[in-house]
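Asker: any chance you can model this:
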Amino acid sequence: MTGKTGPLNGMKVIELAHVMAGPVCGLMLADMGADVIKVEKVPGGDDTRRMTPPEIDGESAAFLMMNRNKRGMAIDLKTEAGKAVLVRMLKTADVVIENFRAGTMERLGLGYDDLKKINAGLIYCAISGFGRTGPYASRGGFDLIAQGMSGLMSITGEGPGRPPCKVGAPVTDITAGILAAMAVSAAYAHKLKTGEGQMVDTSLFEAGITHTYWQSAITLATGEAPVPMGSAHPLNGPYQAFETADDWITVGAANHANWLRLTEAVERPDLADDERFQDNAGRMAHLSALGAILSEIFRTRRQSEWLEILEKAGVPAGPVLDVREMHQDPHVLAREMVVEANHSRLGPVKTLGCPVKFSETPSAVTSGAPCYGEHSRAILSEYGLEDDDIENVIASGAAVAAKK
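Answerer: All right, here's what the predicted structure looks like:
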């Protein structure tokens, strides 16, 4: 694909993935310059196309978000002609991403052991609910299930004794995609040095587990499982959200220097001398009492006043923004985290920007998500099919192409 920038420019990726974890991996690689071809199923395409509402002029907002910077085609892998097209593409690909149930690709004759025979340099990225080994390998996986089994739901919520609560975002899906993109990039570095491809295997379950570093450290050291603490931190305090006279703020006085700054900022230097709060261990042991004292103090002024006071004092703090407010925040805009992607049918569509910046090989959002089968003809032509052959493949139903 021409016109792409980024450190992975030149990497050829075939994305056989749907909904979220696999597409997040493809999205990260595409943002960093890889040519990602999204191969959707026939009929219907990626299930995200039907995650509506909301829609933008008939296009799923969810699909538009997850698939910008990619080219798209649709192939029926249940047909021999469709499978032959995919094999032709995989012979020269650097990476294939799939997040099917275990055994699906093998039944199609497209598992890693099959594909490495035709492309020894192929990086085969498999993302699943529980990974390719272990007693749960055959299970399907969803973010909710992974959050529950990884321990995340046991430490999320207002406090002990309350109903289990998931993190608002599908963090195991998103994190699994990011971990996979990191692993693919590492495997690509190895390939560039040796020519060797390899299997890359991660899961939603393991992605969830990585979010328990602090809580796992506590459990491994003490044998006790932590409980939900609302917005508070399990190791440092005060480090949580507080209600002000009109809204909420977060305060990160998580080390002793910031704690002393906080006592001065809230005009309560006596708290620094309180024997209960002399050090972090004391503050954590008496966190409920400390939180009650600070909550009463913070309710005396408005959010904007406290944020100004805390910033002047050098105490880390911030407002609690909703998603719309976050999109409008000047720092978000300065960091280009809300940008426009040019969709072939809709024109400019707002989307989230690239979260990693490179000084010499900038990442960029260069195109919107593809319409169903938008690039099928062009991609088939790139892989050596003549016009008549392309039309025959499409007429047979082995591939779907957008109308000319």
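
Asker: ok, residue 40 touching residue 73?
Answerer: Yes. Using CB atoms under 8 Å, residue 40 is in contact with residue 73, at 7.3 Å. C-beta here means a position set from N, CA and C on the backbone, and glycine is covered the same way.

Asker: joint contacts of these two?
Answerer: residue 373 (CB atoms under 8 Å, 6 or more residues apart in numbering).

Asker: which pLDDT value goes with residue 5?
Answerer: We have a pLDDT of 84 for residue 5.

Asker: next one: residue 336
Answerer: pLDDT for residue 336: 97.

Asker: check contacts around the nearest residue to it once chain neighbours are set aside.
Answerer: Among residues not flanking residue 336 along the chain, residue 353 sits closest, at 4.5 Å (CB to CB, 6 or more residues apart in numbering). Counting by CB under 8 Å, 6+ apart, residue 353 makes contact with 335, 336, 337, 338, 339, 365.

Asker: kindly recompute the last result at 7 Å.
Answerer: 336, 337, 338, 339, 365 (CB atoms under 7 Å, 6 or more residues apart in numbering).

Asker: for the third one, give its distance to residue 329.
Answerer: When CB to CB, to the nearest Å is applied, the distance between residue 338 and residue 329 equals 9 Å.

Asker: could you do the second one as well?
Answerer: From residue 337 across to residue 329, the span is 9 Å (CB to CB).

Asker: tell me the buried residues in stretch 298-307?
Answerer: 298, 301, 303, 306, 307 (16 or more other CB atoms under 10 Å).

Asker: follow-up on the earlier one: neighbour-wise, give me the winner out of the contacts of residue 353.
Answerer: residue 365 (18 neighbours; other CB atoms under 10 Å).

Asker: surely that residue is within a strand?
Answerer: No. Secondary structure assignment (DSSP: H, G, I helix; E, B strand; the rest coil) places residue 365 in coil, not in a strand.

Asker: list the contacts of the residue nearest to residue 33 when sequence neighbours are not counted.
Answerer: If the residues on either side of it in the chain are set aside, residue 33 comes closest to residue 6, at 2.4 Å by CB to CB, 6+ apart. Counting by CB under 7 Å, 6+ apart, residue 6 makes contact with 31, 32, 33, 361, 362, 363, 364.

Asker: same deal with residue 16?
Answerer: Counting by CB under 7 Å, 6+ apart, residue 16 makes contact with 39, 96, 97, 98.

Asker: and the pLDDT at it?
Answerer: pLDDT, residue 16: 97.

Asker: check residue 404 too.
Answerer: Looking at residue 404, the pLDDT reads 69.

Asker: now residue 2
Answerer: pLDDT recorded at residue 2 is 49.

Asker: same check, this time on residue 254
Answerer: 88.

Asker: burial of the nearest residue to it once chain neighbours are set aside, as a residue count?
Answerer: Using CB to CB, 6+ apart and skipping the chain neighbours, the partner closest in space to residue 254 is residue 236 (3.9 Å). Residue crowding around residue 236 was assessed by other CB under 10 Å; the count is 19.

Asker: tell me the SS of residue 236?
Answerer: Using three-state DSSP, the structure places residue 236 in coil.

Asker: for residue 205, see how far away it is.
Answerer: Applying CB to CB, the value for residue 236 to residue 205 is 28 Å.

Asker: follow-up on the earlier one: quick one: which two of the buried residues of stretch 298-307 are the most distant?
Answerer: Largest separation among those by CB to CB: 298 and 307, giving 11.0 Å.

Asker: so what's the residue nearest in space to the middle of the chain up against?
Answerer: The chain has residue 174 as the residue nearest its centroid, 2.6 Å off, counting by CA atoms, centre = their mean. Taking CB under 7 Å, 6+ apart, we find residue 174 in contact with residue 24.

Asker: which element is it on?
Answerer: helix 171-194 (DSSP states H and E).

Asker: just the buried residues of that helix, please?
Answerer: Residues of helix 171-194 classed as buried: 171-181, 183-185, 187-188, 191 (neighbour count, 16+ other CB under 10 Å).

Asker: need the next SSE after it, C-terminal direction.
Answerer: Criterion used, DSSP H and E; the element after helix 171-194 is strand 198-203.

Asker: now for that next one, which elements pack on it?
Answerer: In terms of contacts (3 or more CB pairs under 7 Å, 6 or more residues apart in numbering; DSSP states H and E), strand 198-203 is packed against strand 123-128, helix 171-194.

Asker: which one of these lies nearest to residue 357?
Answerer: Of all the helices and strands packed on strand 198-203, the one in closest proximity to residue 357, counting by CB to CB, is helix 171-194 (15.8 Å).

Asker: distance from that closest one to the middle of the chain?
Answerer: Centroid separation for helix 171-194 versus its chain: 13 Å, with CA atoms, centre = their mean, to the nearest Å.

Asker: over to stretch 146-153?
Answerer: Worked out by CA atoms, centre = their mean, stretch 146-153 lies 17 Å from the chain centre.

Asker: show me what counts as buried in that stretch.
Answerer: Neighbour counts over stretch 146-153 (16+ other CB under 10 Å) mark 146, 147, 149, 150, 151, 152, 153 as buried.
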